[in-house]
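[1] A predicted structure for the sequence below; I have some questions about it.
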Amino acid sequence: MAISLPYGFQWGVATSAYQIEGAAQADGKGQSIWDRYVRLPGTILGDETGEVACDHYHRWREDITLMAGLGIDAYRFSIAWTRVLPEGDGSVNQAGLDFYGRLVDELLAAGITPWVTLYHWDLPQALENRGGWRNRATVDAFVRYADVVSASLGDRVTRWITQNEPWSAAFAGHLDGVHAPGLRDWGAALTAGHHLLLSHGRAVPAIRANSPGSEVGIALDCRPSRPASDARADLAAQRHFDGFRNRWFFDPVFGRGYPQDMVDAYRARGRYHTQRPPFEEPGDRDEIGVPIDFLGINYYTSLVIAAGGDETEATGVPPGSEPPDGFTEMGWPITPDALAGFLTRVHEVYAPPRIVITENGASFGDGPSSDGRIHDQRRIDYLRVHLESVRQAIDRGVPVDGYFAWSLLDNFEWSLGYSQRFGLVWTNHATGERIPKDSYDWYGSVIKDNRA
Ligand code: IFM
């Protein structure tokens, strides 16, 4: 069955700087927390790093040609803060800004709208040395960085995303210890999360001032879930998991402040010992809740939650709940229906003016077969059912008007190194060679059919 989405729907692909650029020390770039973290023993599978990654820093023209071949309307990429401000808040490195200026110009020349993400997890190490996102001063540094970038590109870039997945930056990086900077501390994670949100709220007006008429939003990751049973304990565990994983970020972005049940639960669990979260200051709630032009949602999977673990452990699939569509190679259940359900909920509860799927995709390791082609039918199946789910949400009245497949290229999947392949284009990580997969042709034909 053909996938048909409304006229004007934006089709795109997404990437991020550390995952594809490489050139980790080129042209005055400073060190980021990821440049440092990957060098710590045992942090990355196979001791791999993003030092070279897909070498997009040198091969970006080839990558734009690949994008043009797909026929996309929009390309979402992130800026490496340390290319622009090597020390995070010191002097500007013009060479870094120029790289992104050239990229933007060539995208526009190819008829592709650039969607710029300002932060996709690569904090300058110099700021980390002063407490990173645990330090409220990092919010000021981020706003200056947003100001510098939007002053430079704001005459040509009309779509801005402040933060990518603040949950991941806060919790994977400061509680689970599996992302830079590799901490395992509840207080650090909650404080970092708050400052990430505050940096979003304060950057929005700075961007709007430099880039009048542009649209500014944030990309939130989500983990929809359902309780394993109707038992009271499972219902409570699922509600708590939803608060931990979704509401703690969605509520403040839409001006509601932190959800009271979670404020109480965190205090009861000793995450802090004050009535209100200690990192929250008067006025923060309003600043974080600044109106946005669109909400970005990154969706990959959903979970069944049973009582038993604490919230960070409540991520398994209890026996008997195996998803009918199976799992991706990340071990993530394939649950397309939960996307329509979550989009409907976000529309009904938060009513963002528009929603864009800023990431969705699947890791499957298919490589070149004897005919030289990459037959990644499983990725096509995944993308198809998720696009159908988006369609269902639109039919219910949810204002979704864009979709970015994650990702253009197989790239550096953080602590899993190059072991996971999310690309529409296969990357030979030894040579940098790119080979479009079957999913590339399929996605291109979906875009073409929709345009027709
Ligand atoms: O690769 C990541 C991306 O950086 C953020 N969202 C999830 C993707 C897959 O894990």
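    Nice, thanks for sending it over. All figures in this text were calculated on a predicted structure; none of them were measured in a lab.
[2] quick one: the strands in the stretch 251-400 of the chain, in order.
    Assigned by DSSP state E, counting those that start in this stretch, the stretch 251-400 of the chain shows strands spanning 294-298, 303-305, 355-360, 400-406.
[3] weakest of those in terms of mean pLDDT?
    Mean pLDDT values for these show the minimum at strand 303-305, a mean of 88.
[4] in its sheet, what does that strand sit against?
    As defined by DSSP bridges, the strand partners of strand 303-305 come to strand 225-227 (parallel).
[5] what's near enough to touch Arg159?
    Ala74, Thr113, Pro114, Trp115, Val116, Ser214, Glu215 (Cβ atoms under 8 Å, 6 or more residues apart in numbering). C-betas here are computed from N, CA, C, even on glycine.
[6] and the furthest pair within these?
    Ala74 and Ser214 (13.6 Å; Cβ to Cβ).
[7] narrow the contacts of Arg159 to those in strands?
    If you go by DSSP state E, those have Ala74, Thr113, Pro114, Trp115, Val116, Glu215 in strands.
[8] now the third one: how far from Arg102?
    Meaning Pro114. From Pro114 across to Arg102, the span is 12 Å (Cβ to Cβ, to the nearest Å).
[9] these two - which one has more neighbours?
    Pro114 (21 against 12; other Cβ atoms under 10 Å).
[10] is that one in a bridge, and if so with what?
    Going by DSSP bridges, Pro114 is paired in beta bridges with Tyr75.
[11] tell me how far it lies from Ile72.
    For Pro114, the distance to Ile72 (Cβ to Cβ) stands at 11 Å.
[12] and for Arg267?
    Arg267 is 46 Å from Ile72, where distance means Cβ to Cβ.
[13] which of the two has more neighbours?
    Relative neighbour count places Ile72 above the other of Arg267 and Ile72, with 25 against 15, counting by other Cβ under 10 Å.
[14] residues in contact with that one?
    Trp11, Gly12, Val13, Ile112, Ile447.
[15] who wins on neighbours among the residues you listed?
    Using other Cβ under 10 Å as the neighbour criterion, Val13 leads the contacts of Ile72 with 28 neighbours.
[16] for that one, helix, strand, or coil?
    strand (DSSP: H, G, I helix; E, B strand; the rest coil).
[17] pLDDT wise, what is it at?
    Looking at Val13, its pLDDT reads 99.
[18] list the beta-bridge partners for it.
    Going by DSSP bridges, Val13 forms beta bridges with Tyr75, Ala405.
[19] that one and Leu383, how far apart?
    Taken as Cβ to Cβ, the span from Val13 to Leu383 is 11 Å.
[20] I'd like the ones in strands among the contacts of Arg159 laid out as CSV, including pLDDT and distance to the ligand.
    Below are the ones in strands among the contacts of Arg159 laid out as CSV (pLDDT from 0 to 100; distance: Cβ to the nearest ligand atom, whole Å):
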residue, pLDDT, distance to the ligand
Ala74, 98, 17
Thr113, 98, 21
Pro114, 99, 18
Trp115, 99, 14
Val116, 99, 15
Glu215, 98, 21
